[in-house]
Every structure is written in structure tokens, then in C-alpha cells.
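Asks: Prediction below, plus the sequence it came from.
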Amino acid sequence: MKRRPLLAGNWKMHTTVAEAHALAVEIGKCSEGLDDRDVILAPPFTSIHEVASVLKDSCVEVVAQNVCWEEQGAFTGEISPLMLKEAGVTSVIIGHSERRQIFSEDHELINKRMLGALKYDLKPIFCIGETLAEREGSKTFTVLEEQLKGGLAGLSLRDMQKTVIAYEPVWAIGTGKTATKEQAQEAHAFIRKLLSEMYEKDIADTIRILYGGSVKPDNVDELMAQSDIDGALVGGAALDAESFCRIINFI
Ligand code: PEP
């Protein structure tokens, strides 16, 4: 089944407002005319407004890197779904491995963020992926299943229609090590099969599953050619206009 490709750039904790502006201008230019795919950018919170304003007439959407489940209150350091919507954000990355590992976010907390985002009509980009030790211990599929079941608990079929999954093997994030196209395809096929068991085949067939982990101009085409890879979540290479432009223009 053909799903509309989705290319996402995650700028993480990089870019001043001026740098974000310059990068957004370049990405806006090279995304012109790309009407057969979706392109999204996740700048730091402080640059969301600037990037959204630079890209307002383009096809590129601005998304957030995190979200709280409450709309306001005593949640120091968190960001409200309503605040994100007011800034023009439509989707949000949830469960990134850096949140899981550095900030100890567990299944329960990630699930709260998922349900919170959906309640306020923000589309989640839900990240899962195994560590190197888990892969070497043949635990990849068990870990992916636990993460999927934990993070998606309580999501309805309608919620799933708004959700994107990102498979990001932790050992490939920011390391320059990419999963081979076969490893990535195998994990994506497993995720899709599990989704068809957890929900229904139609949902599993239409949901987009992105690959993330050192996606670069020289590997994007072969990754995107895999039948269950519907897009890419890109970190490092999304901070370089030339690289990201080549990635979003994958063949
Ligand atoms: C990411 O941050 O989600 C990511 C995949 O990073 P990188 O492309 O740098 O590996």
C-alpha cells in the first residue's frame, strides 16, 4: 500500500532564533513544489514562532519536540498543548529516546503525553527503538512491543489515525551508524504487523512509520525504497540545509 511520505527534521536543542530563521528560509526554498510528500520541522520552542512565520506560505509544517498533558498549571519546564497550538504547531514528537534515556521518561509518562496531545488535537509522532545491548541480546522485538503497548495504551482507532510511529534504533541515533535497509525494513514490518493485531489491518496499512537514525543524503533513497518505510525522522542532517534539502527531495 502506498502511503504519503513524511520527512521530519528534529533540530533538538540547536539553533538560535537567527540560525533557525536562516535554516527555515533555505528549507522553505528547497521544499517548493514538493506536493507528493509532507515535510515537517521541529525547532526548539524558542524558535517555533519564527520558523512558523518564515514557512507560513510553504508546505512545511512546524511541530514541537515535546508536550505536557495539561493545558496549564504548576508544571515548571513543561509546555502546554494549547500554547503549542497557539504558536501554529500541529504535531509533536513524543517518546524520543533522548527523553527516555536522559530524562527517564517511562511508558506511563509517555502514554500521558500521547493522550494529552490527542485530547488537544495535536498529532503525535511516537518514537520507539531498542538499544545496542537489547539488539545484541535478541530483545529488539520484545522491546518494541513493550514500547508500543505502553505508549499507545488507551488510544482509540481514531487516535491511531492521527498518529505517526518513528522507529529509531538508539544505537543509530547521532552515531553515524545506520540500520541497514534490511534491518530497518524488518523492524518496520514487525511494527506494522503488531499494529494490525492491536488495532485493525486498515489502521496498520495506513499508519506511517518513519525510520530515524543517522539518515543522510547518501542512504535516504535506499531506506525510502523499503516497502514499510514511509519517511524519515532526521536529527543531525536536518541542521544542514543542503543535506536536509537532499533528504526531502529523496528519489
Ligand atoms: C533523531 O534525533 O531522532 C535522530 C534520528 O538523529 P540523527 O539523525 O542525528 O541520528
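Replies: The structure has been received and is ready for your questions. Numbering: from 1, shown residues only.
Asks: And residue 13, how far from residue 220?
Replies: 24 Å (Cβ to Cβ, to the nearest Å). C-betas here are computed from N, CA, C, even on glycine.
Asks: In the chain, which residue sits closest to the ligand?
Replies: residue 235 (2.2 Å; Cβ to the nearest ligand atom).
Asks: just checking, that residue touches residue 14?
Replies: No: taking contacts as Cβ atoms under 8 Å, residue 235 lies outside contact range of residue 14: 9.2 Å.
Asks: Could you check which of those two is surrounded by more residues?
Replies: residue 235 (22 against 16; other Cβ atoms under 10 Å).
Asks: Skip the chain neighbours and tell me the closest residue to that one.
Replies: residue 10 (5.2 Å; Cβ to Cβ, 6 or more residues apart in numbering).
Asks: Just list whatever residues bridge to that neighbour.
Replies: residue 42 (DSSP bridges).
Asks: What's the local residue count around it?
Replies: Neighbours of residue 10 using other Cβ under 10 Å come to 26.
Asks: Which pLDDT value belongs to it?
Replies: Looking at residue 10, its pLDDT is 98.
Asks: thought it was touching residue 92?
Replies: No: here residue 10 lies out of contact with residue 92, judged by Cβ under 8 Å, at a distance of 11.3 Å.
Asks: Mind listing the shared neighbours of the two?
Replies: When contacts are counted by Cβ atoms under 8 Å, 6 or more residues apart in numbering, residue 10 and residue 92 are jointly contacted by residue 65.
Asks: tell me the contacts of residue 56?
Replies: Contacts of residue 56 (Cβ under 8 Å, 6+ apart): residue 88.
Asks: next helix or strand past the longest helix along the chain?
Replies: Looking across the chain with DSSP state H, the single longest helix is helix 181-198. For helix 181-198, the following helix or strand on the C-terminal side (DSSP states H and E) is helix 201-206.
Asks: Would you mind listing what in the stretch 1-150 of the chain touches the ligand?
Replies: Residues of the stretch 1-150 of the chain lying close to the ligand (Cβ under 6 Å from any ligand atom) are residue 10.
Asks: Please work out how many residues are found near residue 233.
Replies: Residues near residue 233, counting by other Cβ under 10 Å: 26.
Asks: which stretches of the stretch 1-150 of the chain form helices?
Replies: 17-30, 45-54, 81-86, 97-102, 107-119, 132-136, 140-151 (DSSP state H, counting those that start in this stretch).
Asks: between those helices, which one is nearest to residue 169?
Replies: helix 132-136 (6.9 Å; Cβ to Cβ).
Asks: Understood, closing this out.
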